[in-house]
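Peer 1: Provided below are the primary sequence and the corresponding predicted coordinates.
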Amino acid sequence: MIRTYRDEDFDGVLKLLQETLVYDTITPELLKEKLYEDPQFEPEMVLVAEDEGTVAGFMQGVTRDIRGERIGYLKLMGVAQDSRKKGQARKLFEKMEALFRKAGAIKVRIFDVPLNYFQPGIDPRYTEALCFAWRMGFVRFDDTTNLIADLDYSDWETTVKEHKLAKEGIHIRRASEEDRVELLRFIEDEFALWRHEVAMAFRRDPVAVHIAEVNDTIRGFSAYNGNNVGTGWFGPMGTSSSLRGKGIGEVLLKRCLRDLKEEGNKMAIIPWVGPIPFYAHHAGARVDRVFWRFEKPLR
């Protein structure tokens with residue numbers, strides 16, 4: 001039976017995902033963040049396959065308006081081992097696809113959900129997930145990577161570089177609550193899809209955001225623990241295009257990595273990475289996981 005998720009299903013869904021997502025660590029706190037703290041949590045788009053009173057399958061969907069397009073996303077999903085090859089995943093997706101169409105989505109993607117996501121695509125080691133995507137009509141259109149940085153690689157000291165930047169009128173410090181409105185406005189102008197993650201980082205104590213200012217105006221930022229809290233998650237980070245190449249990004253990065261190290265993390269995850277050489281050079285980061293991105297048009 002396919003039905004809408006209920007709060008009392010939480011423990012069953014947690015157990016299912018812990019048993020099926022074997023290359024990941026799913027904690028109660030993480031599941032609550034992905035499920036209930038999604039900025040566009042839609043209860044009717046969270047589905048459960050029930051078999052004799054047990055959660056045998058789970059699929060969470062959300063919609064986002066991204067650059068003028070409404071996109072449906074499969075955010076989390078799993079089917080119990082003994083329930084596979086029985087059509088459970090297909091039944092879940094067919095119902096979800098109908099919900100996406102009703103919501104006006106023009107396409108569906110898997111996992112790479114801006115604002116609040118667990119992973120930026122399918123780890124190809126989950127072979128069953130790849131087969132499901134192809135069977136359901138998805139097409140692989142891109143791939144991306146997560147890097148990992150050993151936090152014992154460096155002490156992440158930035159004092160000398162900060163003094164040099166200060167002589168150029170660039171000042172870097174930890175953000176405070178009073179900076180929230182200005183920073184989110186800056187992000188809205190230049191890095192709109194990262195706004196939610198940065199807003200979440202402001203909820204940490206201390207605030208898990210560092211900023212770069214020129215003439216008392218925010219021109220760059222870095223954040224951590226804005227997504228997948230407790231996993232050593234770094235990012236997002238951005239600097240105004242007119243200031244790139246001055247070493248601001250290096251300082252902002254290292255300040256966050258120092259914080260993560262002081263919190264007791266052994267490793268930092270740098271997700272959904274574009275500029276791999278930057279992180280390899282400044283943080284000794286290495287490619288840790290590769291993800292395949294899938295999309296299906298809804299016509």
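Peer 2: Nice, thanks for sending it over. Residues are numbered from 1 along each chain as shown.

Peer 1: what sits up against the helix or strand of the chain with the lowest mean pLDDT?
Peer 2: Ranking every helix and strand in the chain by mean pLDDT, DSSP states H and E puts helix 180-190 at the bottom, with a mean of 92. Helix 180-190 has contacts (Cβ atoms under 8 Å, 6 or more residues apart in numbering) with 175, 194-195, 198-199, 202, 209, 211, 217-219, 221, 238, 240-241. Bear in mind the C-beta positions are built from the backbone N, C-alpha and C, glycine included.

Peer 1: Tell me which entries of these lie within helices.
Peer 2: Among those, the ones falling in helices (DSSP state H) are 195, 198, 199.

Peer 1: what is residue 291 paired to in the beta sheet?
Peer 2: When bridges are called by DSSP bridges, residue 291 pairs up with residue 144.

Peer 1: Are we agreed that residue 58 is in a helix?
Peer 2: No: counting by DSSP: H, G, I helix; E, B strand; the rest coil, residue 58 falls outside a helix, being strand.

Peer 1: Could you give the number of residues near it?
Peer 2: Residue 58 has 24 neighbours, counted by other Cβ atoms under 10 Å.

Peer 1: so the closest residue to it other than its chain neighbours, which of the three states?
Peer 2: Leaving out its chain neighbours, the residue that sits closest to residue 58 by Cβ to Cβ, 6 or more residues apart in numbering is residue 13, at 4.9 Å. In three-state terms, and counting by three-state DSSP, residue 13 is helix.

Peer 1: what about residue 13, distance to residue 112?
Peer 2: Distance of residue 13 to residue 112, computed by Cβ to Cβ, to the nearest Å: 21 Å.

Peer 1: Then residue 295?
Peer 2: With Cβ to Cβ as the criterion, residue 295 and residue 112 are 9 Å apart.

Peer 1: Between those two, point out the one with more neighbours.
Peer 2: When residue 295 and residue 112 are compared on other Cβ under 10 Å, the one with more neighbours turns out to be residue 112, at 23 against 16.

Peer 1: Just give me the neighbour total for the residue nearest to the more buried one when sequence neighbours are not counted.
Peer 2: In this structure, residue 112 finds its nearest non-sequential neighbour in residue 120, 4.6 Å apart by Cβ to Cβ, 6+ apart. A count of nearby residues for residue 120, using other Cβ under 10 Å, gives 22.

Peer 1: What of residue 205?
Peer 2: Counted by other Cβ under 10 Å, the residues lying close to residue 205 total 6.

Peer 1: A helix includes it, no?
Peer 2: No: remark: residue 205 does not belong to a helix; assigned using three-state DSSP, it is coil.

Peer 1: Show the pLDDT at it.
Peer 2: With respect to pLDDT, residue 205 scores 94.

Peer 1: Same check on residue 294?
Peer 2: At residue 294, pLDDT is 98.

Peer 1: pretty sure it is touching residue 110, no?
Peer 2: Yes: Residue 294 is within contact range of residue 110, at 4.7 Å (criterion: Cβ atoms under 8 Å).

Peer 1: intersection of neighbour lists for these two?
Peer 2: 121, 122, 133, 138.

Peer 1: tell me the contacts of the second one?
Peer 2: Residue 122 is in contact with 110, 111, 129, 130, 133, 291, 292, 293, 294, counting by Cβ under 8 Å, 6+ apart.

Peer 1: Which members of the shared contacts of residue 294 and residue 110 are positioned in helices?
Peer 2: Those of the shared contacts of residue 294 and residue 110 mapping onto helices are residue 133, per DSSP H.

Peer 1: Among the shared contacts of residue 294 and residue 110, which one sits closest to residue 88?
Peer 2: residue 133 (15.4 Å; Cβ to Cβ).

Peer 1: Buried residues of stretch 194-208, list them for me.
Peer 2: 194, 195, 196, 197, 198, 199, 200, 201, 202, 204, 207, 208 (16 or more other Cβ atoms under 10 Å).

Peer 1: Done for today, thanks.
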